[in-house]
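K.L.:
got a predicted structure plus its sequence, pasted below:
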Amino acid sequence: MDSVLRMAATVPVLLLLPGDRTLAGPSPTLFLPFHSPEDLRSPFWCSGVEALCGFIPSVPAPEAVAEVQKRAPEEESEKEEEKIVLPTNESSEKLLRIRHSCAHVMAMAVQKLFPDSKVTIGPWIDNGFYYDFDMEPLTDRDLKRIKKEMDRIINRNLPLIREEVARDEAQKRILALNEPYKLEILESIKEEPITIYHIGNEWWDLCAGPHVDSTGHINKKAVELESVAGAYWRGDENRPMLQRIYGTAWETEEQLKAYIHFKEEAKRRDHRRLGQDLDLFSIQDDAGGGLVFWHPKGAMVRHLIEDSWKKVHLQHGYDLLYTPHVAKADLWKISGHLDFYKENMYDQMDVEDEFYQLRPMNCPYHILVYKRKLHSYRDFPIRVAELGTVYRYELSGSLHGLFRVRGFTQDDAHIFCLENQIKDEIRGVLDLTEEILLQFGFRKYEVNLSTRPEKSVGSDDIWEKATAALRDALDDKGWDYQIDEGGGAFYGPKIDLKIEDALGRKWQCSTVQVDFNLPQRFDISYVDSNSEKKRPIMIHRAVLGSLERFFGVLIEHYAGDFPLWISPIQARVLPVTDTEVQYCSEVVSRLKSNGIRAELCYGERLPKLIRNAEKQKVPLMAVVGPKEVENKTVTLRSRFGGELGTMPSKSFIRKIQSAIENRTRL
């Protein structure tokens, strides 16, 4: 690893980040200049979402492409770039076979070195492979031994041979090996015949393939074992704890090096570490796992996000709501959550012989607000929005920083409209989504239109109308999208939007869902032009999703270097000596009175004060010495722009205000 990082200091690298799924239009591309991990300070943007009517999705695996540029610095403007594009399992059948075969080679190596170990499952994953073993805990030293044994197996160029056997024969062979987990896997396989893959005549496992023809087709220099983790068998905490070995595999050594660069940069941007280093948030053991404490700096960023969100929604004709965190359990029976999502909900509370429930989502509350009075067709569309905190039960082992928590605030809104208003309302949501995401720098999206699944509610006619309205709105907007046939919710079709972060990872962000189910369950209605009662259409939509998860992805996307307008501290005023402190205090007061978030730091030598500001990623520093006090000026220093010169404090304030207003940096 050290040698790779040393190479990174001298070899320029470009991270090329195209979407790896086929879209109707050109793939978005982003170039990230990279010379060493600490040199990356480009202000990129990203976000994430919790499914509006589902539950918290797992953190997506990175889908990135990297290209390494090999050339001498003096030749940068003249030489052609040698590009190394990282393929994916979907784009390269060869890579998928390599990764699947590596899992088998690793399992064979483990059982050679640890004869008492028992194998379970070993699939390929987005960036490599893993295998679970029932054995004693492993160490990093053990991983090195396993990798050396894998290299020996690869060098022997052993064939991987597919064999079909009867179920009874497979069972007989498994019993002979005393492999209880294989026996359980066999029982779960319903297809016939049973397929087995052999590595030479020395090792085999139940497997459907595919694999390379022989171990010699694996480049041992493009394979690395990454880590060991504990994993319960079948994900059941009541079953045995297994040793899961993760590995990564690529087609070439150059691809592996590019991936390592990617992984190191992801580690540098980890929101959990940056959240602690920058004092943004914490999760306190004394309070419980998955419950987020927003510290003053993090709370300021959240305030700015919320304030911007509310302003845009009010401009787009939404009314804001605040609703309770608990409700009678009967409400969740009507909505269907107790039937479908009970395992994700907390236990009920007995309050004066009535049962109450912490809310897992906001939709039923907004329906109750709608039902408070009888509506006319003239009232539509009705748009309501709330930043509502919800609570969902998650196993402690699944919690992950801000990405998977037990309490989070949803960027939630619902639209009640007529059938002939669906298209215009969806288009309005797309416009609003674009406006909000542009504030955070998002311009490229992956968009999916999900259609009717096999099991659904609602008539064919309304499904066709709703799906056509979604499609027409996307066409009007001019966004490229792909169709996810049968991928809609049981209650209606939907549009899902994914954004791509600075490392090429894709995060589902905005979602727009048409719902025929809840209006029926809650029996909501309106009076039409003929004085007859009709049922309105309900649209669920989110732009930012969970504020916690959104903030976590923002931290990683910026690497903690927030742009000026959203930075919790926009400027630090730094005196050269303590004799300038009084004037510095006056400057800070003027900055604050003009709406600029500023603070005074002193008591250390100036170089250390500057280094501390750099570590805390403060965008601007105003340095004050004797001349600045005498002339009533400051010397402005920017993290990104370097020295910006000496100027009167009024000019300094105007400069900052202009940059904040225009969402630019100095």
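P.N.:
Perfect, I can see it now.
K.L.:
now do the SS call for the residue nearest to the spatial centre of the chain.
P.N.:
In the chain, the centroid-proximal residue (CA atoms, centre = their mean) is residue 507; its distance is 4.5 Å. The assignment at residue 507 comes out as strand when based on DSSP: H, G, I helix; E, B strand; the rest coil.
K.L.:
separation between it and residue 398?
P.N.:
Between residue 507 and residue 398 the computed distance is 18 Å (CB to CB, to the nearest Å). Yep, even glycine has a C-beta here, placed from its N, CA and C like the rest.
K.L.:
could you do residue 87 as well?
P.N.:
According to CB to CB, residue 87 and residue 398 sit 30 Å apart.
K.L.:
go on, residue 492?
P.N.:
Taking CB to CB as the measure, residue 492 falls 28 Å from residue 398.
K.L.:
of the two, who's got more company?
P.N.:
Using other CB atoms under 10 Å, the more surrounded residue of residue 492 and residue 398 is residue 492, with 27 against 14.
K.L.:
residues contacting the residue lying closest to the more buried one once chain neighbours are set aside?
P.N.:
In this structure, residue 492 finds its nearest non-sequential neighbour in residue 514, 3.7 Å apart by CB to CB, 6 or more residues apart in numbering. Listed by CB atoms under 8 Å, 6 or more residues apart in numbering, the contact partners of residue 514 are 422, 466, 469-470, 492-494, 537-539.
K.L.:
how far does the host helix or strand of residue 514 sit from the chain's center?
P.N.:
Taking DSSP states H and E as the definition, one finds residue 514 inside strand 506-515. Centroid displacement of strand 506-515 relative to its chain, using CA atoms, centre = their mean, to the nearest Å, is 13 Å.
K.L.:
hang on, the earlier thing: any idea how far the residue nearest to the centre of the chain lies from residue 271?
P.N.:
12 Å.
K.L.:
shared neighbours, the two?
P.N.:
residue 553.
K.L.:
isn't residue 129 up against residue 105?
P.N.:
No. Residue 129 is beyond contact range of residue 105, at 9.6 Å (criterion: CB atoms under 8 Å).
K.L.:
who has more neighbours out of these two?
P.N.:
Using other CB under 10 Å, the more surrounded residue of residue 129 and residue 105 is residue 105, with 32 against 26.
K.L.:
any idea how far the more buried one is from residue 432?
P.N.:
Applying CB to CB, the value for residue 105 to residue 432 is 51 Å.
K.L.:
what's the answer for residue 603, then?
P.N.:
47 Å.
K.L.:
try residue 170
P.N.:
57 Å.
K.L.:
surely residue 492 touches residue 513?
P.N.:
Yes. Between residue 492 and residue 513 there is a contact under CB under 8 Å: 6.1 Å.
K.L.:
tell me which of residue 603 and residue 432 has more neighbours.
P.N.:
residue 432 (21 against 9).
K.L.:
contacting residues for the more buried one?
P.N.:
312-313, 316, 543 are the contacts of residue 432 under CB under 8 Å, 6+ apart.
K.L.:
rerun that using 10 Å as the cut-off
P.N.:
The contact partners of residue 432, by CB atoms under 10 Å, 6 or more residues apart in numbering, come to 312-313, 315-318, 383, 413, 510, 541, 543.
K.L.:
ditto for residue 221
P.N.:
By CB under 10 Å, 6+ apart, residue 221 lies in contact with 151, 154, 250, 252-254, 256-257.
K.L.:
buried members of these into PyMOL, please.
P.N.:
Applying 16 or more other CB atoms under 10 Å to the contacts of residue 221 leaves a buried subset, and the PyMOL line that selects it is:
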select buried, resi 151+154+250+254+256+257
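K.L.:
looking at the contacts of residue 221, which are in strands?
P.N.:
Per DSSP state E, strands hold no members of the contacts of residue 221.
K.L.:
now render the contacts of residue 221 as TSV, adding pLDDT.
P.N.:
What follows is the contacts of residue 221, written out as TSV (pLDDT from 0 to 100):
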residue	pLDDT
151	98
154	97
250	97
252	95
253	95
254	94
256	96
257	94
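K.L.:
just give me how far whatever helix or strand residue 226 lives in sits from the chain centre.
P.N.:
Following DSSP H and E, one finds residue 226 within strand 223-232. Counting by CA atoms, centre = their mean, strand 223-232 is centred 22 Å from the centre of its parent chain.
K.L.:
next: stretch 650-663.
P.N.:
32 Å.
K.L.:
re earlier: and the contacts of residue 221, which is closest to residue 418?
P.N.:
residue 250 (53.8 Å; CB to CB).
K.L.:
if I look at that closest one, how far off is residue 256?
P.N.:
Taking CB to CB, one finds residue 250 at 5 Å from residue 256.
K.L.:
quick check: neighbours shared by the two?
P.N.:
By CB under 10 Å, 6+ apart, residue 250 and residue 256 have these common neighbours: 84, 86, 219, 221-224.
K.L.:
in TSV: those, plus pLDDT and distance to residue 230.
P.N.:
Below are the shared contacts of residue 250 and residue 256 laid out as TSV (pLDDT from 0 to 100; distance: CB to CB, whole Å):
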residue	pLDDT	distance to residue 230
84	66	34
86	86	29
219	97	30
221	97	29
222	97	27
223	97	23
224	97	21
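K.L.:
what is the nearest of the residues you listed to residue 122?
P.N.:
Nearest to residue 122 among the shared contacts of residue 250 and residue 256, counting by CB to CB, is residue 223 at 14.1 Å.
K.L.:
ok, now how distant is the nearest residue to that closest one once chain neighbours are set aside from residue 208?
P.N.:
Excluding the flanking residues, the one nearest residue 223 by CB to CB, 6+ apart is residue 249, at 4.7 Å. Residue 249 sits 19 Å away from residue 208, going by CB to CB.
K.L.:
just residue 636 next, same as before
P.N.:
Distance of residue 636 to residue 208, given as CB to CB: 64 Å.
K.L.:
same question for residue 165.
P.N.:
Using CB to CB, we find residue 165 at a distance of 13 Å from residue 208.
K.L.:
same thing with residue 293?
P.N.:
Using CB to CB, residue 293 is found at 47 Å from residue 208.
K.L.:
residue 496 is in contact with residue 474, correct?
P.N.:
No. Applying CB atoms under 10 Å, one finds residue 474 not in contact with residue 496, separated by 11.6 Å.
K.L.:
got any residues that touch both of the two?
P.N.:
447, 449, 481, 512.
K.L.:
now compare those and name the two farthest from each other.
P.N.:
The widest separation within the shared contacts of residue 474 and residue 496 (CB to CB) is 11.9 Å, between 481 and 512.
K.L.:
quick one, which of these two is more surrounded?
P.N.:
For residue 481 versus residue 512, neighbours defined as other CB under 10 Å are more numerous around residue 512 (25 against 21).
K.L.:
for that one, list the residues it contacts.
P.N.:
By CB under 10 Å, 6+ apart, the contact list for residue 512 reads 52, 415, 425-426, 429-430, 433, 449, 470, 473-474, 493-497, 539-543.
K.L.:
now, those that are in helices?
P.N.:
425-426, 429-430, 433, 470, 473-474 (DSSP state H).
K.L.:
nearest to residue 194, of these?
P.N.:
When these are compared against residue 194 (criterion: CB to CB), the nearest one is residue 470, at 44.2 Å.
K.L.:
distance check, the closest one against residue 130.
P.N.:
38 Å.
K.L.:
quick one: which of those two has more around it?
P.N.:
Using other CB under 10 Å, the more surrounded residue of residue 470 and residue 130 is residue 470, with 28 against 23.
K.L.:
okay, the more buried one: pLDDT?
P.N.:
Residue 470 is assigned a predicted lDDT (pLDDT) of 94.
K.L.:
wait, doesn't it sit right on residue 495?
P.N.:
Yes. Counting by CB under 10 Å, residue 470 touches residue 495, with 5.6 Å between them.
K.L.:
common neighbours of those two, please.
P.N.:
426, 430, 449-450, 481, 488, 512-514.
K.L.:
farthest pair within those?
P.N.:
Pairwise distances across the shared contacts of residue 470 and residue 495 peak at 17.4 Å for 430 and 488 (criterion: CB to CB).
K.L.:
alright, I will stop here.
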